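Enquirer: Provide a 3D model corresponding to the input given below.
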Amino acid sequence: MSGFLEELLGEKLVTGGGEEVDVHSLAARGISLLGLYFGCSLSAPCAQLSASLAAFYGRLRGDAAAGPGPGPGAGASAEPEPRRRLEIVFVSSDQDQRQWQDFVRDMPWLALPYKEKHRKLKLWNKYRISNIPSLIFLDATSGKVVCRNGLLVIRDDPEGLEFPWGPKPFREVIAGPLLRSNGQSLESSSLEGSHVGVYFSAHWCPPCRSLTRVLVESYRKIKEAGQKFEIIFVSADRSEDSFKQYFSEMPWLAVPYTDEARRSRLNRLYGIQGIPTLIVLDPQGEVITRQGRVEVLNDEDCRGFPWHPKPVLELSDSNAVQLNEGPCLVLFVDSEDDGESEAAKQLIQPIAEKIIAKYKAKEEEAPLLFFVAGEDDMTDSLRDYTNLPEAAPLLTILDMSARAKYVMDVEEITPAIVEAFVNDFLAEKLKPEPI
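Expert: Next up is the predicted model:
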């Protein structure tokens with residue numbers, strides 16, 4: 001266990017009081033679940049979470065006064081109580097050390113040292129953290145993500161009775177009645193044998209309403225093509241009246257608004273951090289894609305349904321938002337040359353597939369997304385924003401969250417050049433340039 005933890009967190013963590021704690025001591029204490037708390041001292045929601053999380057942490061460990069270290073008289077061979085096998089590590093985005101120190105001072109858990117800025121950024125990218133506060137739980141032995149939305153765990157299970165909050169099968173989480181907008185009620189068992197879109201949305205959200213209008217047409221086309229497909233609306237509306245008004249526009253099913261527990265469990269299951277989000281599942285309830293929103297907007301005729309992920313994407317207005325999810329390899333080409341974009345995708349694809357397969361085997365998300373960018377207004381804006389030269393072809397890796405870029409400007413891009421560029425990036429051998 002200590003090997004994984006040290007690879008993830010480094011050799012040392014610190015307590016709120018500034019004392020160093022060896023990461024390998026977590027293994028000696030029998031920690032089975034690791035919480036990563038992403039936040040910042042300047043965020044009021046983070047301050048609110050810290051207060052509720054401190055109470056939760058104390059209750060779960062059975063001793064609110066217990067610090068994060070081994071404690072007096074706690075030998076390495078002592079067997080911790082099952083409900084104590086949790087540790088939390090704060091991963092800060094603070095840019096001011098004094099503010100960071102003031103914020104962590106009263107935390108009963110551990111923190112990555114302030115100086116570990118590079119490691120913090122790697123964690124933000126690895127787990128695709130897009131907003132704060134965020135809390136995810138990992139199996140401390142394997143490193144597998146157990147729960148992506150720990151905030152809902154604190155709200156829904158304040159006593160930790162469901163510890164360690166491992167993921168449950170979709171059919172178990174969705175079990176119960178589902179509604180149609182005409183008032184008809186169906187059992188969730190009616191979904192068997194169908195692809196399912198789990199649609200997290202709300203009437204108060206303008207992008208949600210825009211997507212819903214497109215999704216209604218996509219739903220109709222897929223059904224008319226004879227495909228077994230159903231969508232389940234999971235509302236984030238602020239009142240039942242808003243839910244009813246919004247749901248009246250939808251031809252599919254919904255979790256009843258009054259069933260807040262089931263709506264929350266679905267949010268926890270898929271680690272929803274923002275809306276609109278459309279998760280597409282296969283008939284066995286396994287995730288095909290978390291990018292259903294992008295797929296629907298990019299495929300108006302639904303020819304690619306059920307939208308198995310493509311290793312390499314052609315950069316467009318609708319999928320450009322994915323550039324903010326973590327490091328992205330972007331190969332810029334001269335799209336005025338017929339077939340140039342397709343040739344570029346074919347060049348990158350074997351390398352992308354190799355990387356994706358490697359991390360899928362470890363049940364981890366790939367550390368890079370892969371794009372080909374042609375010539376259009378959106379690509380021009382991206383070049384301007386990142387201060388890239390006008391050359392084509394141009395091989396880059398863009399890391400928006402780190403405001404960093406890696407550029408290889410050569411006359412000819414070959415598979416060997418791309419693979420070496422990717423491997424050097426993953427091995428941290430490349431020197432970043434600021435964006």
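Enquirer: from now on I want contacts and neighbour counts done on CA atoms only, so please keep to that.
Expert: OK.
Enquirer: ok, residues contacting stretch 352-363?
Expert: With CA atoms under 8 Å, 6 or more residues apart in numbering as the test, stretch 352-363 has contacts from 144, 311-312, 365-366, 370.
Enquirer: nearest residue to the residue nearest the centre of the chain other than its sequence neighbours?
Expert: Per CA atoms, centre = their mean, the C-alpha nearest to the average position across the chain is that of Arg128, at 4.4 Å. With CA to CA, 6 or more residues apart in numbering as the criterion, Arg128 has its nearest non-adjacent residue at 5.5 Å, and that residue is Glu325.
Enquirer: so the one you found makes contact with Tyr127?
Expert: No. In terms of CA atoms under 8 Å, Glu325 does not count as a neighbour of Tyr127; the distance is 9.2 Å.
Enquirer: so which of the two has more stuff around it?
Expert: Shown here are Glu325 and Tyr127; by other CA atoms under 10 Å, Glu325 has more neighbours (20 against 17).
Enquirer: for that one, give me phi and psi.
Expert: phi -90, psi -10 (degrees, to the nearest 10).
Enquirer: got the contact list for Leu135?
Expert: 35-38, 148-151.
Enquirer: again, only using 6 Å
Expert: Counting by CA atoms under 6 Å, 6 or more residues apart in numbering, Leu135 touches 36-37, 150.
Enquirer: so for the helix or strand encompassing it, mean pLDDT?
Expert: Here Leu135, judged by DSSP states H and E, is contained in strand 134-139. Per-residue pLDDT values over strand 134-139 give a mean of 95.
Enquirer: show me what it pairs with in its sheet, parallel or antiparallel.
Expert: strand 33-39 (antiparallel), strand 145-147 (antiparallel) (DSSP bridges).
Enquirer: so for whatever helix or strand comes next after the longest one, what gets flagged as buried?
Expert: Per DSSP H and E, the first helix or strand lying C-terminal to strand 33-39 is helix 44-61. For helix 44-61, burial by neighbour count (16 or more other CA atoms under 10 Å) applies to 46-47, 49-50, 53-54, 56-61.
Enquirer: lowest pLDDT pick from the residues you listed?
Expert: Among the buried residues of helix 44-61, pLDDT bottoms out at Arg61, giving 85.
Enquirer: that one and Gly160: what is the separation?
Expert: 10 Å (CA to CA, to the nearest Å).
Enquirer: just the ones of the contacts of stretch 352-363 in strands?
Expert: Per DSSP state E, strands hold the following members of those: Phe370.
Enquirer: isn't there a helix covering Tyr219?
Expert: Yes. Judged by DSSP: H, G, I helix; E, B strand; the rest coil, Tyr219 forms part of a helix.
Enquirer: what about it, distance to Ala416?
Expert: With CA to CA as the criterion, Tyr219 and Ala416 are 42 Å apart.
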